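Q: got a structure for you, letters missing:
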């Protein structure tokens, strides 16, 4: 079921990105029926044409005719499904499609029955196609006739008003004036609602270092507008808190307190980084490198380069689009201080949710092995791995793969593989050392849900700490461009980018 919904989502996404925003799912399915019909129809025609010199009863010729018939059926039924017809018109079309499909099955089962029987089969197929066409044409015409009848009835009921034209005209003017007033009121309310719904802030839900769930409302300029002020023991309770704010904030009364209430929260406990308000002190510079590629860098007012693209782009507009992505995603992007390890929950290219255990040096110690259909499913898998390792409910198994590398996998009592090494080791000792690291770090490792993007801090080969902004699809959006002597300085660099990137202007270097 999960794979089926994923395929439907892929079809809908492709249609939305390449053609238009669909009004209904049937519009998308009708389009794909038409495309499928064209493909198999052409294949059937080519297959039948390639067997023209063979006997009339050959299997390839039969397959070509059957595929051609199915293709023509899908080409006709696709637009009918796509059009916003009434339910009874669609039902009539489905009946015709069923007749045509039965005719094709009959043809396959009795292809050697002679020309006379084949004529009956083709006639049945034609009847089915005619029913499809009639369902799409006659039913809307019948509705049009009903509409004309309703118009005639309305005109008949309006005849008494024509006996007194002056009073009718006066009454019509009054109704017209009332309608104009109502339209103005509706337009005003619509503008008010549009302003209310066009929010410039985003709710962020996260887990603090104490294992409590909290939320914060972050403006697109990266400033924290509001936060939960308390932790919740369950994720759903934090979500309910967000919904309560959405319901009650609009129209809430203002109470001015004479005495300030000291309700400060420890920043280290909440994990919230408070950014000072104001405009950006940095500027995006767009330039062309020696290889003819376009790059960008984010330069602070003090002259320091605090971020760069990390790669070149063949066209200028691609670099400009990359700057826009960083501006939008750097502010709300979260980061987790691996101490010394942390779980990352992310969505892969196939839109499945996975987790991985990352060391502070940037290396992946373990991953989920298989994906989950939802973010919560991946989070539950992380919790099961933590508790299973603490309670010794799981068993590690070391094996040798086809390339001669040693790997390990973590197996539950029911035989389910809940984690694996994610990489191979040249010696069995390396796999055992990896298991020891996972057993020692995983139970106490914190977890981070990656939204559209997240910051990663890692240690390079030279012992320098660096950061990079990674999209949830795995692509690197930006990096620090320089190494830091400590992890703390790398996190300070991230905070500088989060403060300055959202509002930074773009200039040509």
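A: Structure received. All figures in this text were calculated on a predicted structure; none of them were measured in a lab. Numbering: from 1, shown residues only.
Q: Give me the below-cutoff pLDDT ranges for the stretch 101-250 of the chain.
A: Counting by pLDDT under 70, the ranges of the stretch 101-250 of the chain that qualify are 111-116, 139-168, 190-200, 209-211, 220-222, 247-250.
Q: Okay, helices next: where are they in it?
A: Counting by DSSP state H, counting those that start in this stretch, the stretch 101-250 of the chain has helices at residues 115-162, 165-197, 235-248.
Q: Would you point out which residue is most central in this structure?
A: By Cα atoms, centre = their mean, the mean C-alpha position of the chain lies nearest to residue 351, the distance being 7.2 Å.
Q: got the phi/psi numbers for residue 424?
A: phi -100, psi 160 (degrees, to the nearest 10).
Q: Quickly list the domain ranges of the protein.
A: Using automatic domain parsing, the domains assigned to the chain come out as 2-142, 201-246+267-276, 334-508.
Q: Indicate which one of these is closest to residue 310.
A: Set against residue 310 and scored by Cβ to Cβ, the domains of the chain come closest in domain 334-508, at 4.4 Å. Just so you know, the C-beta spots here come from the backbone N, C-alpha and C atoms, and that holds for glycine as well.
Q: what about the closest one, how long is it end to end?
A: Distance between the boundary residues of domain 334-508 (Cα to Cα, to the nearest Å) amounts to 29 Å.
Q: any idea where the helices of the protein begin and end?
A: 2-18, 25-50, 59-82, 87-109, 115-162, 165-197, 235-248, 267-270, 316-329, 375-390, 428-441, 487-500 (DSSP state H).
Q: name the helices or strands packed onto the third one?
A: What it means is helix 59-82. Counting contacts by 3 or more Cβ pairs under 8 Å, 6 or more residues apart in numbering; DSSP states H and E, helix 59-82 is packed against helix 25-50, helix 87-109, helix 115-162.
Q: Could you dump these into TSV and include mean neighbour count?
A: Shown next, in TSV, are the helices and strands packed on helix 59-82 (neighbours: other Cβ atoms under 10 Å):
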stretch	mean neighbour count
helix 25-50	17
helix 87-109	17
helix 115-162	13
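Q: okay, the ones you listed in a markdown table with distance to residue 380 next?
A: Below are the helices and strands packed on helix 59-82 laid out as a markdown table (distance: least, Cβ to Cβ, whole Å):
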| stretch | distance to residue 380 |
| --- | --- |
| helix 25-50 | 29 |
| helix 87-109 | 41 |
| helix 115-162 | 48 |
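Q: Nearest to residue 457, out of the ones you listed?
A: Each of these has some distance to residue 457 by Cβ to Cβ; the shortest is helix 25-50, at 42.0 Å.
Q: Which elements pack onto that closest one?
A: Looks like helix 25-50 contacts helix 2-18, helix 59-82 (3+ Cβ pairs under 8 Å, 6+ apart).
Q: Comparing these, which comes out most buried?
A: helix 59-82 (a mean of 19; mean count of other Cβ atoms under 10 Å).
Q: Run the angle between it and helix 25-50 for me.
A: 160 degrees (axes from the mean of the first three to the mean of the last three Cα atoms, to 10 degrees).
Q: Tell me how far helix 59-82 lies from the chain's centre.
A: 33 Å (Cα atoms, centre = their mean, to the nearest Å).
Q: and what of stretch 469-485?
A: That offset, for stretch 469-485, works out to 22 Å (Cα atoms, centre = their mean).
Q: what's the span of that stretch from first residue to last?
A: 19 Å.
Q: Go through that stretch and flag the buried ones.
A: 469, 470, 471, 472, 477, 478, 479, 480, 481, 484 (16 or more other Cβ atoms under 10 Å).
Q: For it, give the mean pLDDT please.
A: Mean pLDDT, computed over stretch 469-485, is 80.
Q: Wait, residue 201 touches residue 225, no?
A: Yes. Using Cβ atoms under 8 Å, residue 201 makes contact with residue 225 at a distance of 5.6 Å.
Q: and the two? which has more neighbours close in?
A: residue 201 (16 against 13; other Cβ atoms under 10 Å).
Q: Provide the partner residues of the more buried one in its beta bridges.
A: Beta-bridge partners for residue 201, by DSSP bridges, are residue 219.
Q: go on, residue 478?
A: Here residue 478, judged by DSSP bridges, has bridge partners residue 469.
Q: OK, contacts around it?
A: Taking Cβ atoms under 8 Å, 6 or more residues apart in numbering, we find residue 478 in contact with 298, 307, 308, 309, 310, 326, 330, 468, 469, 497.
Q: Kindly tell me how buried the first one is, as a neighbour count.
A: When neighbours are defined as other Cβ under 10 Å, residue 298 has 27 of them.
Q: Could you point out the bridge partners of it in the sheet?
A: As assigned using DSSP bridges, the partners bridged with residue 298 are residue 284, residue 307.
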